[in-house]
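J.: compute the structure for the input listed below.
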Amino acid sequence: MNKVKNLEVYEGMLIVVDMVRGFVEEGVLHDKNIKKIIPRQIEIIKEAHNHGDLVVFVKDTHDVDAVEFKRFGNVSHCVKNTSEAELVDELKPYETLDDTVSIEKNSTSFMEAPEFRKIVKKATNIETVKLVGCCTDICDFNGIMGLANYYDEWNRDVDIIVYEDAVATYSEEERGEYVSAAKLLMKQQGIQLVKK
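T.: Residues are numbered from 1 along each chain as shown. This next block holds a predicted model:
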């Protein structure tokens, strides 16, 4: 963790999901169209820092023999210690700022990452969670739904916001029905979808 205060002091948290080279710039699952959301993400990241919120970068990072690969047609991606698992260059400067944490995940849900669970358990005064990143219908959706369920389980009243203009999915035109379904399910569960 970078110069992070006691996690109990934060009232807001921004989660930046999987803006790694393996989804944006190289590898079998990348889509360069995802780059179009980076300028909006930078605006949101700066707003979070100016507000004193906790910023959490989540990076898809797998072992060479990750079980997840089998579920998705043996598609190896974002393997640990490769460039695919690195944050895109445009966001790297923000990864080292104060009030920022960078964690790895080995599944499609950041909520299952042990380091993220520790953060959520300790950051007991969070009132608002905001999310940007990729992929809308997979990692964004699975992570934010898991987080919403966690807060429900512990009777924590937290506003959850997804920035529609700062999330994207690879092959989005072909996957449009999945993206639409993910957004519909998020709305149904009380997650706010907003855009500039």
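J.: flag every buried residue along the one helix or strand Asp152 maps to.
T.: Here Asp152, judged by DSSP states H and E, is contained in helix 141-153. Neighbour-count burial for helix 141-153 flags 141-148, 151 (criterion: 16 or more other Cβ atoms under 10 Å). (C-beta placed from N, C-alpha, C; glycine too.)
J.: which of those lies closest to Val88?
T.: Gly143 (18.5 Å; Cβ to Cβ).
J.: so that closest one makes contact with Phe110?
T.: Yes. Using Cβ atoms under 8 Å, Gly143 is in contact with Phe110, at 3.9 Å.
J.: now do the shared contacts for these two.
T.: 15, 17, 58 (Cβ atoms under 8 Å, 6 or more residues apart in numbering).
J.: tell me which of those fall in strands.
T.: Among the shared contacts of Gly143 and Phe110, DSSP state E puts 15, 17, 58 in strands.
J.: the second one bridge partners, please.
T.: Put plainly, it is Val17. Residues in a beta bridge with Val17, per DSSP bridges, are Val58, Gly133.
J.: isn't it right next to Met111, touching?
T.: No. Look at Val17 against Met111 with Cβ under 8 Å: they stay out of range, at 10.9 Å.
J.: neighbour-wise, which of the two wins?
T.: Between Val17 and Met111, counted using other Cβ atoms under 10 Å, the more crowded position is Val17 (28 against 20).
J.: can you pull the contacts of that one?
T.: Here Val17 is in contact with 58, 110, 131-134, 139-140, 143 (criterion: Cβ under 8 Å, 6+ apart).
J.: same thing with Ser76?
T.: 28, 62, 64, 66, 69.
J.: next one: Val162
T.: 130-132, 140, 144, 186, 191-194.
J.: and which of these is nearest to Asn50?
T.: Closest to Asn50, out of all of those and judged by Cβ to Cβ, is Lys130, at 13.4 Å.
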